[in-house]
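*Asks:* Coordinates for the following, if possible.
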Amino acid sequence: MTRGVATVLKDNDCVAAITSVCWSKRGHHILVAAADKTLTLWDVVKREKVVQVTLQQSALQARLHPGTSTPSICLACPLSSAPMIVDLDTGKETTLPMSLPETNGTTAPPSRNKFSDGSAPFSPTAACFNKYGDLVYVGNSKGEILVIDYKNNQVRGAVPISGGSVIKNIVFNRSGKFLLTNSNDRTIRIYENLLPLKDGVKALDEIIETLKDLTEVEKLKAIGSKCLTLFREFQDSITRVHWKAPCFSGDGEWVVGGSANKGEHKIYIWDRAGRLVKILEGPKEALIDLAWHPVRPIIVSVSLTGLIYIWAKDYIENWSAFAPDFKELEENEEYVEREDEFDLIPDCEKVKQSDVAEDDEIDIMTVEKDTTFSDSDMSQDEVLYLPVDISPDVPEEQDKCIGTGDSNHSGSPLSEDAEQNGQVGKYASSPIDAMDNSDNGGMRLKRKRKPSEKVLEQQAEMSKKPVQKKPLGKLEKKSKPGVDQDSDVSFN
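*Replies:* Residues are numbered from 1 along each chain as shown. Modelled structure (predicted):
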């Protein structure tokens, strides 16, 4: 991991801030939500936009459907309205229900989280797909988890949480067996998913057949009790801090959450049994988002100032693991060599070539599947690397010639004769110009080398005798290959 920029996806038509980023299942696409109400799907390898959709409101969070390799459905959670299913191919928006249906003309009980005038508070609604994307789990402002069949846009179950506080975050772990919620009552709750990972809608239909003589709301709550069951609760009973961006580790064995206090950058880590294992303290900056690496113990946190912090384990180098006879020294020691340390090894102690075990051929092309973190349907065509664009460097020799070509070439006898005959324009003012103006391409750059004895004799004679002025035509006719005295260019 070089921590360098692998690629840049830039939309010249968008100048608004990015509110959400989501990778596709196999890593070929990225869904980006912006504050200008747009959803953009990018092809990561080709670095080009696949499709762009404009919503009625800005999406605070957007998630691609996890069940397909070529995503065309996404779940968007606007800032102040109900979550919606968006078809990226057609741009169609389907608003999902946020509360239980009302029956017998009765109204739903008033929410504890309304203002004094009875209006609903300004709070976004959290939602997420299950593992294979056939169901959507929505956390509303009444403290209820709704299980929704988004294809029929129908609530199939409801799970009320204790206290009835607003649900701010809701997310599944990688395996789909546990669901995490973050509420306004400063508590993170873990629910165990009782439905099968696949064909969840079919399992709900079978549960409904067993429930009769119940009202609609009672039936939905009874179904919800068979969908999710409370597994664990996490909270700080001393400071009673609000939580920000809680999530699971890649293997689902750990739960991490950030403090929502503006003046601190703290990350709390619990094991799934509920024990607080570690508190990571960063700079005095507010934390706005968290992410855990899919397969490694690495956490990335984003501060309010826009800085990204990478948290990893501080490993201690153990060189004895590579060389069992290696001995670590706490301070410098004088080494006294043995008497026979540098003697030649006798023939009897040499290892015969036949006794040496030959290494097996190493396969560097096959990528082994990680059974802990990968699914059987996810490792067919994953993006394992991004191609790098190499920008060509400017050659140093050409730069030097361009900067000093005029001064070095001005002392050439050939240029002097040409200037006296008024034919300066026919000759190049620099080696680069000569290369551009030559028709036969015979001129080329060469390294400056020591002249031969014959050339030195010619130079000595030229210094004694004055240069005779001859017409340019005769000069070209009688000119022989020579070496320029002051220039790095040889004329052939």
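
*Asks:* where in this structure is pLDDT low?
*Replies:* 1-3, 102-123, 345-359, 369-381, 388-451, 463-492 (pLDDT under 70).

*Asks:* Do a quick rundown of the helices in the protein.
*Replies:* Taking DSSP state H, the helices of the chain run over residues 200-209, 216-225, 396-409, 413-420, 431-437, 453-464, 472-478.

*Asks:* Stretch 331-340: end-to-end distance?
*Replies:* With Cα to Cα, to the nearest Å as the measure, stretch 331-340 spans 26 Å from end to end.

*Asks:* oh sorry, the question was meant for stretch 31-39
*Replies:* Stretch 31-39 end-to-end distance (Cα to Cα) = 7 Å.

*Asks:* mind listing what's buried in that stretch?
*Replies:* Under the neighbour-count criterion of 16 or more other Cβ atoms under 10 Å, stretch 31-39 has 31-34, 38-39 buried. For glycine as for every other residue, the C-beta is placed from the backbone atoms N, C-alpha and C.

*Asks:* Please narrow these to those residing in strands.
*Replies:* Residues of those located in strands (DSSP state E): 31-34, 38-39.

*Asks:* So which of those is the closest to K244?
*Replies:* A33 (18.8 Å; Cβ to Cβ).

*Asks:* Quick check, that closest one in contact with A59.
*Replies:* Yes. Here A33 reaches A59: they are 4.1 Å apart, a contact under Cβ atoms under 8 Å.

*Asks:* Mind listing the shared neighbours of the two?
*Replies:* 19-20, 39, 76 (Cβ atoms under 8 Å, 6 or more residues apart in numbering).

*Asks:* Which of those sits closest to P294?
*Replies:* Nearest to P294 among these, with distances taken as Cβ to Cβ, is S20, at 18.3 Å.

*Asks:* wait, doesn't that closest one sit right on A62?
*Replies:* Yes. With contact taken as Cβ under 8 Å, S20 and A62 are classed as touching, separated by 4.7 Å.

*Asks:* Common neighbours of those two, please.
*Replies:* 31-33.

*Asks:* now those as JSON lines including distance to V50?
*Replies:* As requested, these are arranged in JSON lines below (distance: Cβ to Cβ, whole Å):
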{"residue": "L31", "distance to V50": "10"}
{"residue": "V32", "distance to V50": "11"}
{"residue": "A33", "distance to V50": "15"}
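
*Asks:* which residues touch stretch 323-333?
*Replies:* 319-320.

*Asks:* Look up how far D13 lies from Q52.
*Replies:* 8 Å (Cβ to Cβ, to the nearest Å).

*Asks:* thinking again about what came up before, higher neighbour count, S20 and A62?
*Replies:* The residue with more neighbours, out of S20 and A62, is A62; 23 against 18, by other Cβ atoms under 10 Å.

*Asks:* and that one, what does it touch?
*Replies:* Residues in contact with A62 (Cβ under 8 Å, 6+ apart) are 20, 22, 31-33, 39, 74-77.

*Asks:* quick one: F234 and F248 touch, right?
*Replies:* No. Checked against Cβ under 8 Å, the pair F234 and F248 is beyond contact range at 11.9 Å.

*Asks:* any residues in contact with both of those two?
*Replies:* Going by Cβ under 8 Å, 6+ apart, residues that sit against F234 and also against F248 are V255.

*Asks:* thinking again about what came up before, which of Q52 and D13 has more neighbours?
*Replies:* Between Q52 and D13, Q52 has the larger neighbour count (other Cβ under 10 Å), namely 17 against 9.

*Asks:* ok, that one touching L39?
*Replies:* Yes. Q52 lies in contact with L39 (Cβ under 8 Å); the separation is 7.0 Å.

*Asks:* What about T70, how many residues nearby?
*Replies:* 10.
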